[in-house]
Each structure stands twice: as structure tokens, then as C-alpha cells.
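**Student:** this one's sequence-less:
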């Protein structure tokens, strides 16, 4: 199998208004399209990450909870590449988003940190070279 990259990451949220505000207003991802699906009582919000990658933010009336253990089987976290980790962390903190201390990846020598979305989904910032 040969892929061209990742097209989208799908995230199911528990509170659509809160999560839309977080991803659009606080993190700054541009809206591509917002769709309400009446038959499912569900919103789908397409957000642009870069030229090729999107987030699909879904809402459902009563979604099951995510496993809480950081080592649970399944998707572990979503990582965003950033040019300057210090600037990005300062921006998140200024928006009252809690950010973990910056760490060093012992395998690559790159710096990274984590923060969480409104539903506790771990999001990583990884400083690109």
C-alpha cells in the first residue's frame, strides 16, 4: 500500500459548542464546512490543519467515553508539528490552556509537550526542525 499522507483525523466530542470553540477559536483551525445531520442529531465540522490534512469533529447525542489509561489500546494521541515550541506554548497558556512541561525526545533530540482538548484527548506539540 502506498499512501500520499493522512487525509483526516476524526474526533468525536461530548459537547459540540465547547469543542468547536476550542479547535476553531483557541487553536485557530479554519472551518472548511459545517454540516448538521438531522437524522443522526449530529454535527460534522471539517477543519483545515494544513494543505492536505483535516480534522473531522463529530458530535453525537451520547457518545461512549474514551478509555482513560494513556496506554490503552487504540489511538494514543494526535501530534501537531510546530516551528517554535516556546511561542506555541506561550500562546496556549495565554488562552488559559494547561500545557505540560516541555520534554526532550531522547531518540530525535526534538522538544515536545502535551495538552488536552475539552474531552481529555491528549494533543502533542512536536517542534519540527
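**Tutor:** Here it is on my side, so go on. It should be emphasised that the depicted structure is a prediction, and the values quoted were computed from it without experimental measurement.
**Student:** Tell me the spacing between the nearest residue to residue 111 once chain neighbours are set aside and residue 75.
**Tutor:** Excluding the flanking residues, the one nearest residue 111 by C-beta to C-beta, 6 or more residues apart in numbering is residue 127, at 4.6 Å. Using the backbone N, CA and C atoms, a C-beta is placed for each residue, glycine as well. With distances taken as C-beta to C-beta, to the nearest Å, residue 127 is found 22 Å from residue 75.
**Student:** Which one of those two is surrounded by more residues?
**Tutor:** residue 127 (20 against 12; other C-beta atoms under 10 Å).
**Student:** So what's the predicted local confidence for that one?
**Tutor:** On the pLDDT scale, residue 127 is placed at 95.
**Student:** who touches it in this structure?
**Tutor:** Residues in contact with residue 127, defined by C-beta atoms under 8 Å, 6 or more residues apart in numbering, are 81, 82, 83, 84, 85, 110, 111, 112.
**Student:** For the third one, grab the count of nearby residues.
**Tutor:** Which is residue 83. Other residues near residue 83 number 9, with proximity taken as other C-beta under 10 Å.
**Student:** From residue 66, how far off is the closest residue to residue 67 other than its chain neighbours?
**Tutor:** Distances taken as C-beta to C-beta, 6+ apart put residue 74 closest to residue 67, at 6.8 Å, once the chain neighbours are dropped. Distance, residue 74 to residue 66, by C-beta to C-beta: 8 Å.
**Student:** Neighbour count for those two, which is higher?
**Tutor:** Neighbour count, other C-beta under 10 Å: between residue 74 and residue 66, residue 66 has more, with 15 against 6.
**Student:** Counting by contacts, list what the longest helix anywhere in the chain packs against.
**Tutor:** Looking across the chain with DSSP state H, the single longest helix is helix 85-94. If contacts are counted by 3 or more C-beta pairs under 8 Å, 6 or more residues apart in numbering; DSSP states H and E, helix 85-94 sits against strand 111-116, strand 122-127.
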